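[1] fold the following, please.
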Amino acid sequence: MRNGRAASPSTLMTVEEVMAAAGVGKNTAYQIIKLLNTELEKMGKLTFRGRVNRRFFEERFEYNGKQG
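    Have a look, this model is predicted:
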(Lines give C-alpha, C1' and ligand atoms only; values in the text may rest on other atoms or scores of the structure.)
Protein backbone atom coordinates (compact mmCIF):
# COMPACT_ATOMS: atom_id res chain seq x y z
CA MET A 1 0.00 0.00 0.00
CA ARG A 2 1.30 3.41 -0.92
CA ASN A 3 -0.29 6.73 0.05
CA GLY A 4 -3.21 4.86 1.60
CA ARG A 5 -4.15 3.17 -1.68
CA ALA A 6 -3.90 -0.46 -2.66
CA ALA A 7 -1.21 -1.15 -5.25
CA SER A 8 -2.62 -1.68 -8.73
CA PRO A 9 -1.06 -4.13 -11.16
CA SER A 10 1.46 -2.75 -13.62
CA THR A 11 0.31 -1.78 -17.09
CA LEU A 12 2.89 -4.20 -18.48
CA MET A 13 2.99 -7.94 -17.84
CA THR A 14 6.27 -9.77 -17.28
CA VAL A 15 7.12 -13.15 -18.75
CA GLU A 16 6.32 -14.76 -15.38
CA GLU A 17 2.84 -13.23 -15.39
CA VAL A 18 2.23 -14.41 -18.97
CA MET A 19 3.43 -17.88 -17.99
CA ALA A 20 0.95 -18.03 -15.10
CA ALA A 21 -1.97 -16.52 -17.03
CA ALA A 22 -1.55 -18.65 -20.15
CA GLY A 23 -0.34 -21.79 -18.37
CA VAL A 24 2.73 -22.11 -20.58
CA GLY A 25 6.48 -22.37 -20.16
CA LYS A 26 8.98 -19.53 -20.37
CA ASN A 27 9.90 -20.00 -24.05
CA THR A 28 6.26 -20.06 -25.12
CA ALA A 29 5.50 -17.02 -22.96
CA TYR A 30 8.28 -15.10 -24.69
CA GLN A 31 6.86 -16.16 -28.08
CA ILE A 32 3.42 -14.89 -27.04
CA ILE A 33 4.91 -11.58 -25.90
CA LYS A 34 6.80 -11.22 -29.18
CA LEU A 35 3.67 -11.98 -31.22
CA LEU A 36 1.50 -9.52 -29.29
CA ASN A 37 4.17 -6.82 -29.39
CA THR A 38 4.46 -7.26 -33.16
CA GLU A 39 0.70 -6.70 -33.45
CA LEU A 40 0.94 -3.61 -31.22
CA GLU A 41 3.83 -2.21 -33.28
CA LYS A 42 1.78 -2.60 -36.47
CA MET A 43 -0.90 -0.51 -34.73
CA GLY A 44 1.72 2.18 -34.08
CA LYS A 45 2.04 1.44 -30.35
CA LEU A 46 5.23 1.58 -28.32
CA THR A 47 6.37 -1.80 -26.99
CA PHE A 48 9.03 -3.03 -24.57
CA ARG A 49 11.07 -6.18 -25.09
CA GLY A 50 10.07 -8.93 -22.66
CA ARG A 51 6.90 -7.10 -21.54
CA VAL A 52 3.40 -6.89 -22.99
CA ASN A 53 0.50 -4.53 -22.39
CA ARG A 54 -1.77 -6.17 -19.80
CA ARG A 55 -5.05 -4.92 -21.30
CA PHE A 56 -4.05 -6.07 -24.82
CA PHE A 57 -3.03 -9.49 -23.49
CA GLU A 58 -6.33 -9.87 -21.65
CA GLU A 59 -8.33 -8.83 -24.72
CA ARG A 60 -6.48 -11.20 -27.05
CA PHE A 61 -6.59 -14.13 -24.66
CA GLU A 62 -10.01 -13.31 -23.20
CA TYR A 63 -8.38 -13.66 -19.79
CA ASN A 64 -10.30 -12.44 -16.78
CA GLY A 65 -7.86 -13.39 -14.02
CA LYS A 66 -10.02 -16.21 -12.65
CA GLN A 67 -9.03 -19.84 -12.39
CA GLY A 68 -11.28 -22.64 -13.63
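[2] residues in contact with the one helix or strand residue 37 maps to?
    Using DSSP states H and E, residue 37 sits in helix 26-42. Helix 26-42 is contacted by residues 13, 15-16, 18-19, 22, 24, 47-53, 56-57, 60 when judged by C-beta atoms under 8 Å, 6 or more residues apart in numbering. (Glycine included, C-beta is placed from N, CA and C.)
[3] please enumerate the strands of the protein.
    12-13, 52-53 (DSSP state E).
[4] residues near residue 25, how many?
    Per other C-beta atoms under 10 Å, the neighbour tally for residue 25 reads 10.
[5] residues contacting it?
    residue 19.
[6] from residue 46, how far out is it?
    Distance, residue 25 to residue 46, using C-beta to C-beta, to the nearest Å: 27 Å.
[7] which intervals of this protein have sub-threshold pLDDT?
    Scanning the chain for pLDDT under 70 picks out 1-8, 63-68.
[8] correct me, but residue 50 touches residue 16?
    No. With contacts counted by C-beta atoms under 8 Å, residue 50 stays clear of residue 16, the gap being 10.5 Å.
[9] these two - which one has more neighbours?
    Remark: of residue 50 and residue 16, residue 50 carries more neighbours, 15 against 10, as counted by other C-beta under 10 Å.
[10] how about the contacts made by that one?
    Residue 50 is in contact with 14-15, 30, 33, counting by C-beta under 8 Å, 6+ apart.
[11] thinking again about what came up before, show the buried residues in the contacts of helix 26-42.
    By neighbour count, with 16 or more other C-beta atoms under 10 Å, the contacts of helix 26-42 hold 13, 15, 18-19, 47, 51-53, 56-57 as buried.
[12] for residue 44, what are phi and psi?
    Main-chain dihedrals, residue 44, degrees, to the nearest 10: phi 80, psi 20.
[13] burial of it, as a residue count?
    6.
[14] against residue 20, how distant is it?
    As judged by C-beta to C-beta, residue 44 and residue 20 stand 29 Å apart.
[15] from residue 12, how far off is residue 56?
    Distance, residue 56 to residue 12, using C-beta to C-beta: 10 Å.
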